[in-house]
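1. sequence first, predicted coordinates after that:
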Amino acid sequence: MNKADIVEIETWLDLQGLSGMSEMDLFNGFCARCLAAGIQLERASAFVDTLHPIYEGRAFPWRRDGEVEKAIIEYGSSQQGESADNWQNSTFYHLLQIGEDEMRHRLAEVDNIGFRHLTTLKSEGCTDYLAFMNRFSNEGSIGEMDCFYSSWSTADSEGFSENDIDVLRRLVRGLALAIKCASLTRIVRTLADVYLGRDAAKRVLAGRINRGSAERIEAVLWYSDLRDYTRISDAAAPDAIIPMLNDYAEAVISSVQEAGGDVLKLIGDGILAIFTEEDSASAATAALKAQMHLRKRVVVLNKTRKASGAPATDVYLGVHIGEVFYGNIGSDTRLDFTVVGPAVNEVSRIASMCRSVDQDVLLSDRFAAALPEELRAKLVSVGRFALRGVGRAQELFTLDPIILEKYRAAGRAQHAATQSQ
């Protein structure tokens, strides 16, 4: 590879890194350009840790023949089980242990290599192997993302030339920087989605970050909490409370998101969500669909928890529709992207009425009026109530018990089918 080729690849990395190209496309494009410029790559891989509630990081394999099983591998914790064993037998773990940043193995010249993945590479015809670690400073790290790891193999009979190694060493620094930029962008989006909710995250990342920046919208509001949570939490072991909250929050959040809603807040055992479809009927229909998903999930969850001896409960739910301010509330240094207005107070009062009238779900009269006629026919009136802190008395509705039982039966059937597998 000559100097012009090097400059061309570096320029490409600069431009694509600035343009926001994905990690996978950056890595694949880089490998293809190195191959075209004369470095006889046969296999390559790169990985970088991330900040994600499920995954520890992402890996990007590349093969000259293009036959990779997965273009992106999202991996979990490397601290236990088979993953820990694989990590501790890797060249990168060895480099960390000895405090080095680079390793080379001439595979064709060694019989007992000592690393399982290098033995595999040799069996597939590779003759030479390089590993690089491009470390980030403490100030440049986020979470576990403190290094860019990459490995490079060739099947050339002569292995890598010294010029190949020098060029890769130089170019991989630019690749690491470009992939780090792409990874940081993805981490920001992930964190915004996880902590703000998908719609609020999209608005914040689009620039809606000024205090007082809010818009008046009509939305369907959902407020749910757990039946007898205080009693259960007082009686349960302290280390059982968080798993219980997580289990029921998963049931609620997945049901809301599956129906197209957005969860805005988790307040102890309470969850505030909104549905903002183009018209009120669509938003109300989506909320009712989420409620139906939830009933099935709670049945499955309760059977599973009871079977393991864990405390089980149910979810109270209030649903309302009204005008709210949706945007940034707070101080210059601490903002919350949420909804405020009388309708928010009203939906929480409706949810709290579930205990008094012994219903799992209560729907406001305005919500009922927004539903299409065929869905409104599935509601039954619970009565007219004056809600605390709400200026007007209103009629509240619930789903026909026959309809609710239908969805609970579907949950029981789903659990039975799972148990029989």
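-> That came through fine.

2. could you say what helices and strands the longest helix along the chain packs with?
-> When the chain is parsed with DSSP state H, its longest helix is helix 162-196. Applying 3 or more Cβ pairs under 8 Å, 6 or more residues apart in numbering; DSSP states H and E, we find helix 162-196 packed against helix 3-19, helix 23-36, strand 41-49, strand 128-135, strand 147-154, helix 198-205. Yep, even glycine has a C-beta here, placed from its N, CA and C like the rest.

3. mind listing what's buried in it?
-> For helix 162-196, a neighbour-count test (16 or more other Cβ atoms under 10 Å) marks 164-165, 167-168, 171-172, 174-183, 186-187, 190-193, 196 as buried.

4. now do that helix: distance to the chain's middle.
-> 20 Å (Cα atoms, centre = their mean, to the nearest Å).

5. okay if I get the helices and strands packed on helix 162-196 as JSON lines plus mean neighbour count, distance to Ser364 and mean pLDDT?
-> As requested, the helices and strands packed on helix 162-196 are exported to JSON lines (neighbours: other Cβ atoms under 10 Å; distance: least, Cβ to Cβ, whole Å; pLDDT from 0 to 100):
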{"stretch": "helix 3-19", "mean neighbour count": "14", "distance to Ser364": "48", "mean pLDDT": "95"}
{"stretch": "helix 23-36", "mean neighbour count": "19", "distance to Ser364": "46", "mean pLDDT": "96"}
{"stretch": "strand 41-49", "mean neighbour count": "22", "distance to Ser364": "47", "mean pLDDT": "95"}
{"stretch": "strand 128-135", "mean neighbour count": "21", "distance to Ser364": "57", "mean pLDDT": "96"}
{"stretch": "strand 147-154", "mean neighbour count": "23", "distance to Ser364": "53", "mean pLDDT": "96"}
{"stretch": "helix 198-205", "mean neighbour count": "18", "distance to Ser364": "22", "mean pLDDT": "88"}
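
6. mind putting these in a markdown table, distance to Glu258 included?
-> Shown next, in a markdown table, are the helices and strands packed on helix 162-196 (distance: least, Cβ to Cβ, whole Å):
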| stretch | distance to Glu258 |
| --- | --- |
| helix 3-19 | 33 |
| helix 23-36 | 27 |
| strand 41-49 | 30 |
| strand 128-135 | 40 |
| strand 147-154 | 36 |
| helix 198-205 | 12 |
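
7. give me the low-pLDDT residue ranges for the stretch 251-400 of the chain?
-> 391 (pLDDT under 70).

8. one more pass at 90, please.
-> Applying pLDDT under 90 to the stretch 251-400 of the chain flags the ranges 268, 277-278, 328-337, 385-394, 400.

9. so where do the helices sit in it?
-> 280-307, 342-357, 365-370, 373-376 (DSSP state H, counting those that start in this stretch).

10. how about these in a markdown table, adding mean neighbour count and distance to Met244?
-> Shown next, in a markdown table, are the helices of the stretch 251-400 of the chain (neighbours: other Cβ atoms under 10 Å; distance: least, Cβ to Cβ, whole Å):
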| stretch | mean neighbour count | distance to Met244 |
| --- | --- | --- |
| helix 280-307 | 20 | 8 |
| helix 342-357 | 19 | 19 |
| helix 365-370 | 19 | 29 |
| helix 373-376 | 12 | 32 |
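
11. dump the ones you listed into TSV; add distance to Asp65 as well.
-> Listed next are those as TSV, based on distance: least, Cβ to Cβ, whole Å:
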stretch	distance to Asp65
helix 280-307	44
helix 342-357	57
helix 365-370	57
helix 373-376	54
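
12. please identify which of those is closest to Glu144.
-> Nearest to Glu144, of all these, is helix 280-307, at 30.9 Å by Cβ to Cβ.

13. using the record's domain definitions, break the protein down for me.
-> 3-194, 198-420 (automatic domain parsing).

14. so where's the longest strand in the chain?
-> strand 315-330 (DSSP state E).

15. and it, what does it pack against?
-> strand 214-226, helix 238-258, helix 280-307, strand 335-340, helix 342-357, strand 361-364, helix 365-370.

16. how about stretch 78-95: buried residues?
-> Buried residues in stretch 78-95, counted by 16+ other Cβ under 10 Å: 78, 87, 90-92, 95.

17. tell me the least confident of these?
-> Among these, Ser78 carries the lowest pLDDT, at 83.

18. so it belongs to a strand, correct?
-> No - going by DSSP: H, G, I helix; E, B strand; the rest coil, the assignment for Ser78 is coil, not a strand.

19. gap between the closest residue in space to it that isn't next to it in sequence and Leu171?
-> Closest residue in space to Ser78, ignoring its immediate chain neighbours: Trp87 at 4.1 Å, by Cβ to Cβ, 6 or more residues apart in numbering. Distance of Trp87 to Leu171, given as Cβ to Cβ, to the nearest Å: 26 Å.
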